[in-house]
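Colleague: I'd like to go over a predicted model; first the sequence, then the structure.
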Amino acid sequence: MTLPTFNIDIIFEIINELKDDGASLFNFLLLNKQICELTIPILWENPFKLCNIEVKSKHYLIIQTYINCLNEDDYKKFISILKRGFKDHKNEIPLLFEYGKYLKEFNIRDLYNAVSTWYEIFKKKNNVMKSESFNDENLLEIMQHKIKDLDYLTLYCDGNLKIEKLYGNKFTEDFISLVKSNNNLKEFIFDYGVKNNISFDYILKCINLRILVLRSNEGLKFEGIDSFTSFNNLKKLDLTFNDLSSKVTTLIIKKAGNNLSSLTIGEEDNKKSINDDTLIALTQYCPNINSLSISGVCNKGFEMIFKYIKNFRLVTLQLYQNKMKGTIMNLEGLLNYIEYEKSLSTLGIGRNDDYWHYYNYGRDNFKDFLDKHNNNVDI
């Protein structure tokens, strides 16, 4: 019996559908040269996401492969960074692909974890007895000019990954270089909390962004930015945990434009980020919002918000109240909105809301309350 022959376009679609299934992708590599050539670019769009964090050898192989892709000058520079007397020999087996050029998703935490794992194994392989730190900025310094044409860029810092320790004053220069090389980004998550003065203009030049997340960014500078440029197709904007002025928040909302469908905002000083100016800008410049998440607001603030959001056809509304006595669930503005806004299908209430906490123990009571106002809403 003759096996069916699949068109190569169909095979590519199958491979693309399985792009999050590492085991299947690795199996495709073994079929034949043509299918292998189709699989490698997808596999290396973000090789880190297919690795089990517990399997250290996989992270080692990814970093070692990138190192083996370096040209001779960069490789010598890389070895010199190690500041060791031993001689390390580059992989003498020629690489079949330029793996680095396929990278489309870059997350600095992935690089940090992978490089730490790589260096741990590297020391054992080369009998490096004395422990010496080797941080990801060393490798990023070499790689950054080769990281181009990304679709997704995540620069994130948590308590274990301090940007000041890794980069110091070089961060601004490296950040600008990285963003300049990738101004066709579709998604940019910038959550670093750095104090370096970095112009928002560099982010604004990524006009094709669909998702922009700016959190804890004290170092973003907004003076003198291009007043004529706006994002072309921004769909999702997250401005949480920033201490931005009302003027700056309003400016970012205006730049987001009328394609924006989802906004997350709040925390820090909400009188600066959520007020009449920012809400007026939201209704005028982003009329197509259908998902809104607001946190850290008191009852009085929410009453103001409901005056404006009645202009939107929201599908999803998330409200997170300040920690205080009382509840937003019995606010007249919210009850009226639930009753008359028939497009609303999902309502989220913060866990610190006393009313929500109480009714979690009495689902029947809560259901009766909800049905009375809008039986199309899910909580």
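Modeller: Looks like it came in fine.
Colleague: from memory I265 sits against A281, does it?
Modeller: No: counting by CB atoms under 8 Å, A281 is not a contact partner of I265; they are 11.7 Å apart. Using the backbone N, CA and C atoms, a C-beta is placed for each residue, glycine as well.
Colleague: So which of the two has more stuff around it?
Modeller: Applying other CB atoms under 10 Å to I265 and A281 shows that I265 carries more neighbours, namely 25 against 18.
Colleague: Now do the helix or strand that contains the more buried one: which elements does it pack against?
Modeller: Per DSSP states H and E: I265 is located in strand 262-266. Judged by 3 or more CB pairs under 8 Å, 6 or more residues apart in numbering; DSSP states H and E, strand 262-266 is in contact with strand 236-238, helix 246-256, strand 291-297, strand 316-321.
Colleague: which stretches of the stretch 101-250 of the chain have low pLDDT?
Modeller: 127-146, 148, 156-176, 180, 192-196, 218-219 (pLDDT under 70).
Colleague: Kindly recompute the last result at 50.
Modeller: Across the stretch 101-250 of the chain, residues meeting the criterion (pLDDT under 50) sit at 131, 136, 159-168.
Colleague: So the closest residue in space to I280 that isn't next to it in sequence, which state does it fall into?
Modeller: Spatial nearest neighbour of I280, excluding adjacent residues (CB to CB, 6 or more residues apart in numbering): Y308 at 7.4 Å. Using DSSP: H, G, I helix; E, B strand; the rest coil, the secondary structure recorded for Y308 is helix.
Colleague: mind giving me the domain ranges of the chain?
Modeller: 1-43, 46-147 (automatic domain parsing).
Colleague: Count the neighbours of I338 for me.
Modeller: For I338, the neighbour count with other CB under 10 Å is 20.
Colleague: ditto for K310
Modeller: 14.
Colleague: Double-check that Q64 belongs to a helix.
Modeller: Yes: assignment of Q64 by three-state DSSP places it within a helix.
Colleague: what helix or strand is the nearest residue to F12 once chain neighbours are set aside on?
Modeller: Closest residue to F12 apart from its sequence neighbours, by CB to CB, 6+ apart: L38 at 5.3 Å. Element membership of L38 [criterion: DSSP H and E] is helix 33-43.
Colleague: May I see the buried residues of the top helix by length along the chain?
Modeller: Taking DSSP state H as the criterion, the chain has its longest helix at helix 108-125. The neighbour-count criterion (16 or more other CB atoms under 10 Å) identifies 108-119, 121-123 as the buried residues of helix 108-125.
Colleague: The stretch 51-200 of the chain: helices as residue ranges?
Modeller: According to DSSP state H, counting those that start in this stretch, the stretch 51-200 of the chain carries its helices in the segments 56-68, 72-81, 108-125, 136-143, 163-166, 170-180, 200-204.
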